[in-house]
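Student: no FASTA, just this:
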């Protein structure tokens with residue numbers, strides 16, 4: 001039987017994959033121009049949010065177990081400047097950030113989760129640090145999805161159960177035998 005730590009690692013890996021997919025599905029609905037749309041001068045565009053997420057990922061997950069997660073080479077304030085020149089450039093950076101994350105967490109084993117790492121010189125267990133980042137990315141990816149819905153309006157394709165379709169969705173799900181499904185399918 002799996003330990004709590006093994007279950008935790010498996011679950012968080014699945015959650016990271018799920019949240020990445022929400023970003024991917026959002027980007028698929030947006031044009032090169034739309035990724036730069038801002039509600040106002042003080043708000044962030046999709047491209048700015050991606051730049052921040054990627055900057056955070058590269059800093060936190062590079063040498064995750066051996067170096068502070070806030071790297072000296074990170075310039076967080078510049079992450080909020082819209083510098084991607086195309087959607088393709090933004091997507092390449094997005095993939096680079098996720099690769100860094102998965103390269104760091106995929107090799108982790110149950111024995112690693114209670115180890116101590118540092119973020120801005122504050123100690124965290126590996127479990128705490130992973131949870132911190134999972135929550136951070138979920139927060140920002142939710143913003144990306146919301147910005148996408150604002151941009152696309154009635155042309156937006158829902159990434160979850162569409163409005164007014166919950167009863168049909170639930171009827172279908174409960175008509176099937178119970179099986180092991182990952183719960184994020186239904187979010």
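Tutor: Right, received. Where do you want to start? On a predicted model such as this, the values are computed, not experimentally measured, just so you know.

Student: what about the longest helix seen in the chain, average pLDDT?
Tutor: Counting by DSSP state H, the longest helix found in the chain is helix 126-152. The average pLDDT within helix 126-152 is 97.

Student: Against which helices or strands is it packed?
Tutor: helix 4-28, helix 46-61, strand 116-119 (3 or more C-beta pairs under 8 Å, 6 or more residues apart in numbering; DSSP states H and E). Every C-beta, even on glycine, is put in place using the N, C-alpha and C of the backbone.

Student: which helices and strands sit right next to the first one?
Tutor: The criterion is 3+ C-beta pairs under 8 Å, 6+ apart, and the helices and strands that helix 4-28 contacts are helix 46-61, helix 87-105, helix 126-152.

Student: Same question for the second one.
Tutor: Contacting helix 46-61 under the criterion 3+ C-beta pairs under 8 Å, 6+ apart are the following elements: helix 4-28, helix 87-105, helix 126-152.

Student: Apply 10 Å and report the result again.
Tutor: Helices and strands touching helix 46-61, by 3 or more C-beta pairs under 10 Å, 6 or more residues apart in numbering; DSSP states H and E, are helix 4-28, helix 87-105, strand 116-119, helix 126-152.

Student: Could you dump the ones you listed into JSON lines with mean neighbour count and distance to residue 168 added?
Tutor: Shown next, in JSON lines, are the helices and strands packed on helix 46-61 (neighbours: other C-beta atoms under 10 Å; distance: least, C-beta to C-beta, whole Å):
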{"stretch": "helix 4-28", "mean neighbour count": "16", "distance to residue 168": "21"}
{"stretch": "helix 87-105", "mean neighbour count": "17", "distance to residue 168": "33"}
{"stretch": "strand 116-119", "mean neighbour count": "15", "distance to residue 168": "44"}
{"stretch": "helix 126-152", "mean neighbour count": "18", "distance to residue 168": "21"}
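
Student: Below-threshold pLDDT in the chain: ranges please.
Tutor: For the chain, the stretches with pLDDT under 70 are 1-2, 179-187.

Student: ok, back up a step: okay, the helices and strands packed on helix 126-152 in CSV with distance to residue 101 next?
Tutor: Shown next, in CSV, are these (distance: least, C-beta to C-beta, whole Å):
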stretch, distance to residue 101
helix 4-28, 6
helix 46-61, 5
strand 116-119, 14
